[in-house]
Every structure is written in C-alpha cells, then in structure tokens.
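Asker: Curious how this folds, go ahead:
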Amino acid sequence: MNHLRITAAMLAAILCLPAGLQAQTAPKPATPSADTASASPEWVHAEVTQLDLARKRVTLKHAPIASIKMAAMTMPFKVKEVALLEGYKVGDKLQVVVTDIDGDLFVTQVRKAVN
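Answerer: Below is the predicted model:
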C-alpha cells in the first residue's frame, strides 16, 4: 500500500511541474537546420566509361563523393531520365551530382567539366 502512495505522490509532483520544466526534459525532434536545407549540391568530377541508355545507367570513374561517404572509384549509376545523358559519350569529362534516393544512387545533375 505504501508503494502505491509513493508512486501516486511522484506522479502528482511530475504533473505539477511548470510547463517550462516539462518541455526541457522532453526530447526535441530533429529538424534540419537552415544551412542543411539550403546546402548547394555537391558537384563531383567524373569520366564516362560506359553508357547504357536502354537501362538508364551510366558508368563513371568518379572522384570521392563526400556527401554519401564514397571513395573514388568506377561504378554504374542510375538516372531517372535518359535525357540527362543525351549528348554525352564514353570518355567525356563531366561534373555530376549523385543523390541517394531510397537506397539507390542516382545521377541527378550533369554538366561538362570545366578544365
């Protein structure tokens, strides 16, 4: 019986805390900062080693991609729109933006590399 009185007394004390103290102890949800929301895309230097327009893929020899913690390597990437790759050929030097979309890596922006 004593145990119930102590628990009830503790509950009453917590409920009587000023609203400000309750808010300080409650975890706050993570929200992106203004800097994160307005961050510029990361343009990465790359060279086209293979194009597969039918499968919407491009294989790139690319520099490190810091935003997704990827070392420099050669690998295939998906593209959502084939038009993004039109006019480019194997050997072209590009700058690309790679984005992780639901666990898949996509090239989302492309431009000719400026030497």
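Asker: May I see the buried residues of stretch 78-85?
Answerer: By neighbour count on 16 or more other CB atoms under 10 Å, the buried set for stretch 78-85 is 79, 84-85. No exception for glycine: its C-beta is placed from N, CA and C like everyone else's.
Asker: Please identify which of these is nearest to Leu94.
Answerer: Leu85 (9.7 Å; CB to CB).
Asker: so the closest one touches Asp52, yeah?
Answerer: No - judged on CB atoms under 8 Å, Leu85 makes no contact with Asp52 at a distance of 9.4 Å.
Asker: Overlap of the contact sets of these two?
Answerer: Counting by CB atoms under 8 Å, 6 or more residues apart in numbering, the common neighbours of Leu85 and Asp52 are Val58.
Asker: For Val48, give me phi and psi.
Answerer: Recorded main-chain torsions at Val48 are phi -70, psi 120, according to degrees, to the nearest 10.
Asker: Now do the residue nearest to it when sequence neighbours are not counted: how many residues are near it, please.
Answerer: Leaving out its chain neighbours, the residue that sits closest to Val48 by CB to CB, 6 or more residues apart in numbering is Asp92, at 4.8 Å. With neighbours defined by other CB atoms under 10 Å, the count for Asp92 comes to 16.
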